[in-house]
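Asks: Predicted model follows, preceded by the sequence.
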Amino acid sequence: MLSLRAVNQYYGDRHTLWNVDLDLPPGVCTGVVGLPGMGKTTLVSCIAGLLPIASGSMVWHDAGASPCELSPGAGISFVPQERRIFSQLTVEENLHIARMAKGNEGGPVSSDIFEFFPELYPLRQLRASGLNDDQQYQLALANALVTRPRLLILDEPSRGASQQFSVKLAQLLLRLSRELGLSVLLAEQHLSLIRRVADRFCLLYRGRNVAQGRVSELDAPLIAHWMGPTASAR
Ligand SMILES: Nc1ncnc2c1ncn2[C@@H]1O[C@H](COP(=O)(O)OP(=O)(O)OP(=O)(O)O)[C@@H](O)[C@H]1O
């Protein structure tokens with residue numbers, strides 16, 4: 001399990017994350033929710049090791065082992081909003097590079113990965129630029145998974161996705177957390193995907209984790225208070 005305690009982050013002298021505590025157990029999908037600008041991307045970027053934190057800790061707890069301080073990005077794969085794939089390379093070449101970039105060995109990419117992305121299998125010799133948007137997102141996700149992370153982070157996966165793809169994505173994420181025991185962290189302002197997929201939520205308001213719990217507890221009064229039309233004016 002990855003645990004964050006009292007994490008603070010600044011952009012210059014601007015205090016952006018305030019004492020954030022969060023636990024990310026294996027096999028559990030957690031949704032980071034909040035209005036635009038509340039710190040979702042900043043938080044997941046800190047966890048992915050892409051932004052430094054000013055104070056606090058991020059620690060892995062392994063069963064039977066003593067907790068170890070997280071080195072940036074260790075065991076973590078991140079799919080950013082812009083998806084980041086090599087459009088001039090084939091699907092298979094993208095997967096090779098993703099694996100090698102994380103220090104994994106070369107050699108053929110295991111066909112296991114295509115069990116989760118059957119649509120990509122017949123397209124593996126095609127350049128990524130020839131894939132449609134949904135297939136490109138699947139490739140970004142496959143790139144993230146090919147290194148066998150313990151924690152998979154997705155930033156705003158529903159942005160620009162069709163309704164049909166959001167449903168497919170939800171099914172896939174459920175499989176990944178249930179079958180592979182992956183911790184999944186979704187930063188997402190659209191609650192429909194969170195409700196389909198997440199077990200737990202962490203609600204950010206101006207960089208503070210103002211509520212967290214089971215997704216069933218993310219009820220209308222809480223949403224109205226922290227994400228309703230008057231929330232951003234407070
Ligand atoms: N590189 C940066 N430099 C300075 N301020 C930044 C930077 N990136 C984000 N911010 C500010 O930090 C705050 C949190 O931004 P962040 O992008 O983390 O929010 P968010 O909840 O992910 O929003 P969105 O849903 O729009 O992506 C915002 O006020 C934003 O303007």
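Replies: Nice, thanks for sending it over. Everything numeric in this text was worked out from a predicted model, so none of it was measured. Residues are numbered from 1 along each chain as shown.
Asks: Specify the residue ranges that define each domain of the chain.
Replies: Domain segmentation of the chain under automatic domain parsing yields 1-75+153-234, 83-148.
Asks: Out of those domains, the one nearest the ligand is which?
Replies: Nearest to the ligand, of all the domains of the chain, is domain 1-75+153-234, at 3.3 Å by C-beta to the nearest ligand atom. Where you see a C-beta, it was placed from the backbone N, CA and C, and this is true even at glycine.
Asks: would you turn the domains of the chain into TSV with mean pLDDT?
Replies: Converted to TSV, the domains of the chain look like this (pLDDT from 0 to 100):
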stretch	mean pLDDT
domain 1-75+153-234	89
domain 83-148	87
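Asks: Redo those as a markdown table? Include mean neighbour count and distance to the ligand.
Replies: As requested, the domains of the chain are exported to a markdown table (neighbours: other C-beta atoms under 10 Å; distance: least, C-beta to the nearest ligand atom, whole Å):
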| stretch | mean neighbour count | distance to the ligand |
| --- | --- | --- |
| domain 1-75+153-234 | 17 | 3 |
| domain 83-148 | 16 | 14 |
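Asks: Which residues are in contact with the residue nearest the centre of the chain?
Replies: By C-alpha atoms, centre = their mean, the chain has its centre lying nearest to Ile153, at 1.7 Å. Ile153 is in contact with Val44, Ile47, Ala48, Ile76, Ser77, Phe78, Val79, Val184, Leu185, Leu186, Ala187, counting by C-beta atoms under 8 Å, 6 or more residues apart in numbering.
Asks: That'll do, ta.
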